[in-house]
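Participant: sequence and predicted structure, then a few things I'm wondering about:
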Amino acid sequence: MITERPIKPIIFSPTSNKTKRSSSSISKPNSLDYFHRHHLLSSSTLSGVHSLLILRSPLPPSGHSQFPSKMGKGGTLSDGVIKKILLSYTYVAIWIFLSFTVIVYNKYILDKKMYNWPFPISLTMIHMSFCATLAFLLIKVFKFVEPVTMSRELYLSSVVPIGALYSLSLWLSNSAYIYLSVSFIQMLKALMPVAVYSIGVFFKKEGFKKETMVNMVSISVGVAIAAYGEARFDSWGVVLQLGAVAFEATRLVMIQILLTSKGITLNPITSLYYVAPCCFVFLLVPWIFVEYPVLRETSSFHFDFLIFGTNSFCAFALNLAVFLLVGKTSALTMNVAGVVKDWLLIAFSWSVIKDTVTPINLFGYGLAFLGVAYYNHSKLQALKAKEAQKKTAQADEEAGRLLEEREGEGTDKKSESQN
């Protein structure tokens, strides 16, 4: 009598994209996830962060509880889950605070009515040198993160172009603080999905869809209305900020093309380690011709280590906060926090800095925000569908492999019995 070996069930983990039997083959983040992580705003409000923090991992198959072993008596969450939720809220709060601080601090330094040091290239170079030094120490000395193996050819062909685009984006965005209010700059940044989508279509990284393009037009109309209602409209400042958005969007698409498509993923620390020195070199060229002559004539200027040191440290800490927030929660949570930060900045700009925010400003930004929220929702649905499809394919592949093993063993035993 031939005894058949029972097929072992495939047990899904609620915190992993893989089955337990295939946990060793963890897939790298795809380019769409990286793309979604860096530029999209979320359609949710802060009240929705709680559910997002819990449901950030793919849902298990139907019939399985999301947290089957983490529920206490009466269906309440266990202490471990509550602790993770509180930690996630803490990471969100730290990121919002640091992002908020860096933006307001840069505005304070560059604005002629405040600290009055209108040298955006110099400020960006200080940031890059400080961040590059700390990134080197964290990777090479303290071994905080593992470095990415990269050849000279790959660095020159992939990282250098990205560094050039990043330096231009930082230069122009910091320059805009001299001419525009913090609130209006945040409104103009709502054009980022439009720029990324348009450039992605141009480089054939995104498929053209009529519905998406209509949505992009609605976002652009909203920003145009916000610009029309701006009390302190400055055309040169708008050109600088739009240029910064264009270069940043191109950088994000180039990361997909030059790095992610080659299987290379860089976290914020390794990104600074490779990109910051490159940015410093690129910024050195315009600095010599644009700002150095002015600084040389300003003999009364003395480097304020307290101001620039704390400002640079906040910029580096923001990168660490991004590393923690995305690593410990999810990219979606970061996008939700980004929405909260933008509205807080607009409120702060109006109430503390005394920037004028008109009803037309808010109406236009609200319209653009709804368009961005819809686009973000569409991306999330596409990501969920792709993840579910991948998970189903993995389960089918595992079941098929086990079935083949079973049939093979049955055939071998049948041959032995006949002999």
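Facilitator: That came in fine, so what should we check first?
Participant: going forward, measure contacts between C-alpha atoms and count neighbours the same way
Facilitator: Will do.
Participant: show me where this protein has strands.
Facilitator: Counting by DSSP state E, one finds no strands in the chain.
Participant: burial check on Glu404, number of neighbours?
Facilitator: 12 (other Cα atoms under 10 Å).
Participant: for Glu397, see how far away it is.
Facilitator: Distance of Glu404 to Glu397, given as Cα to Cα, to the nearest Å: 11 Å.
Participant: and for Asn174?
Facilitator: Taken as Cα to Cα, the span from Asn174 to Glu397 is 51 Å.
Participant: who touches the nearest residue to Trp287 once chain neighbours are set aside in this structure?
Facilitator: Among residues not flanking Trp287 along the chain, Ile121 sits closest, at 6.2 Å (Cα to Cα, 6 or more residues apart in numbering). Neighbour list for Ile121: Trp171, Leu283, Pro286, Trp287, Glu291 [criterion: Cα atoms under 8 Å, 6 or more residues apart in numbering].
Participant: which of these count as buried?
Facilitator: The neighbour count (16 or more other Cα atoms under 10 Å) marks Trp171, Leu283, Trp287, Glu291 as buried among those.
Participant: looking at the residues you listed, spot the one nearest Gln241.
Facilitator: Set against Gln241, the nearest of these by Cα to Cα is Trp171 (9.9 Å).
Participant: pretty sure that closest one contacts Pro118?
Facilitator: No - taking contacts as Cα atoms under 8 Å, Trp171 lies outside contact range of Pro118: 11.8 Å.
Participant: end to end, how far does stretch 175-195 reach?
Facilitator: Counting by Cα to Cα, the terminal residues of stretch 175-195 are separated by 20 Å.
Participant: show the average pLDDT along that stretch.
Facilitator: Stretch 175-195 comes out with an average pLDDT of 92.
Participant: ditto for stretch 108-119
Facilitator: Here the average pLDDT along stretch 108-119 is 91.
Participant: how far off centre is it?
Facilitator: On the basis of Cα atoms, centre = their mean, to the nearest Å, stretch 108-119 is displaced by 28 Å from the centre of the chain it belongs to.
Participant: what's the span of that stretch, first residue to last?
Facilitator: End-to-end for stretch 108-119, by Cα to Cα: 12 Å.
Participant: next: stretch 351-362.
Facilitator: End-to-end distance for stretch 351-362: 15 Å, by Cα to Cα.
Participant: about what we covered before: between Asn174 and Glu397, who's got more neighbours?
Facilitator: In this view Asn174 and Glu397 are compared by other Cα under 10 Å, and Asn174 has more residues nearby, 24 against 12.
Participant: let me see the contact set for the residue nearest to Asn215 when sequence neighbours are not counted.
Facilitator: Among residues not flanking Asn215 along the chain, Gly371 sits closest, at 5.8 Å (Cα to Cα, 6+ apart). Going by Cα under 8 Å, 6+ apart, Gly371 touches Asn215, Met216, Ser218, Ile219.
Participant: longest single helix anywhere in this protein?
Facilitator: helix 359-418 (DSSP state H).
Participant: chain center to that helix, what's the gap?
Facilitator: 22 Å.
Participant: what's the closest of the contacts of Gly371 to Met125?
Facilitator: Ile219 (32.9 Å).
Participant: in stretch 344-354, what counts as buried?
Facilitator: So, applying 16+ other Cα under 10 Å, buried residues of stretch 344-354: Leu345, Ile346, Ala347, Phe348, Ser349, Trp350.
Participant: list the contacts for the third one?
Facilitator: The one in question is Ala347. Here Ala347 is in contact with Ser183 (Cα under 8 Å, 6+ apart).
Participant: that one and Thr358: what is the separation?
Facilitator: For Ala347, the distance to Thr358 - Cα to Cα - is 12 Å.
Participant: and for Phe308?
Facilitator: 33 Å.
Participant: and those two? Which one has more around it.
Facilitator: More crowded of Phe308 and Thr358, by other Cα under 10 Å: Phe308, with 18 against 13.
Participant: OK, contacts around that one?
Facilitator: Phe308 touches Ile126, counting by Cα under 8 Å, 6+ apart.
Participant: and what of Lys140?
Facilitator: Per Cα under 8 Å, 6+ apart, neighbours of Lys140: none.
Participant: apply 10 Å and report the result again.
Facilitator: Counting by Cα atoms under 10 Å, 6 or more residues apart in numbering, Lys140 makes contact with Leu134, Glu146, Pro147, Tyr273.
Participant: just give me the neighbour total for the third one.
Facilitator: It refers to Pro147. Neighbours of Pro147 using other Cα under 10 Å come to 18.
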